[in-house]
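1. Kindly return the folded structure for what I paste below:
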Amino acid sequence: MTEPDPATTPVSAPATAPVAVSGGVDFTLLLHAYGTAVDTPGQLRALVSDVPRDRSAAIAHLNSAILHQGTPWTATGPVVAQVSALVRRDALTDPGTLVDALAFLSDVAEAVGHFPDDLEELAHPAGRDVDAEVAALLTGSDDAEEGYELLHEDEQLADALMARAVLSCRAALPTLTAAAVHARNHPDDRVRRAATATAALARSAEQALRARGPKD
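-> Numbering: from 1, shown residues only. Next up, the predicted model:
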């Protein structure tokens with residue numbers, strides 16, 4: 001029997017979990033490594049679940065679907081903002097889950113420095129309404145996953161989405177850094193060490209991007 005993929009396994013976190021998941025973000029129009037991010041809000045809620053298996057599945061989702069082998073997706077930036085908010089609100093009460101969440105944030109901070117600087121033009125190709133095209137492909141039929149595949153058959157559109165994913169993550173770096181700095185005051189030494197390392201890496205990423213600066 002095939003083992004379930006923990007990145008896409010449904011979770012049993014209660015709907016009343018104390019976390020605002022979307023914050024106005026329409027995850028049905030965002031992508032992760034395995035398709036549309038429609039399953040991501042449930043995984044974010046699972047981060048605050050009382051069930052260890054659900055929390056583990058949520059962390060697996062972050063590390064495989066949201067940031068896949070160092071590659072961000074359009075869901076990554078919004079998820080970074082959500083996870084950072086949970087860290088700053090002390091909503092991740094399990095220290096192990098908090099350490100894992102900080103490691104995810106650290107990986108995102110590291111990943112965004114591996115892409116070129118001149119992404120704005122790539123993110124906004126002339127003569128194309130990327131948002132409208134994505135919405136049409138993902139909602140224009142009964143099979144959103146078919147639309148997901150079609151997105152990647154259009155090289156210019158796929159490049160635009162990758163550029164937007166990176167830019168979104170870079171925009172979230174200050175929020176990520178602030179969350180890590182906050183967690184440095186946690187009573188658990190493992191969390192403090194993880195938070196210190198994440199804050200240092202995120203600040204380094206921010207400084208490197210500022211030093212590279214906009215291209216004339």
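2. residues of stretch 185-195 that come out buried?
-> Neighbour counts over stretch 185-195 (16 or more other Cβ atoms under 10 Å) mark 186, 191, 194-195 as buried. For the C-beta atoms, the positions are set from N, CA and C on the backbone; glycine is no exception.
3. now Leu161: how far from Thr139?
-> Using Cβ to Cβ, to the nearest Å, Leu161 is found at 16 Å from Thr139.
4. what's the answer for Glu121, then?
-> For Glu121 relative to Thr139 (Cβ to Cβ), the value is 27 Å.
5. if we can go back for a sec, redo the buried residues of stretch 185-195 as CSV? Include secondary structure and distance to Ala205.
-> Formatted as CSV, the buried residues of stretch 185-195 follow (DSSP: H, G, I helix; E, B strand; the rest coil; distance: Cβ to Cβ, whole Å):
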residue, secondary structure, distance to Ala205
His186, coil, 22
Val191, helix, 21
Ala194, helix, 16
Ala195, helix, 16
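6. Pull the distance from the helix or strand of the chain with the lowest mean pLDDT to the chain's centre.
-> None of the helices or strands of the chain scores lower by mean pLDDT, DSSP states H and E than helix 144-151, at a mean of 78. Distance of helix 144-151 from its chain centroid, counting by Cα atoms, centre = their mean, to the nearest Å, is 20 Å.
7. Can you list the neighbours in contact with it?
-> 28, 31, 35-36, 38, 134, 137-141, 157-158, 161 (Cβ atoms under 8 Å, 6 or more residues apart in numbering).
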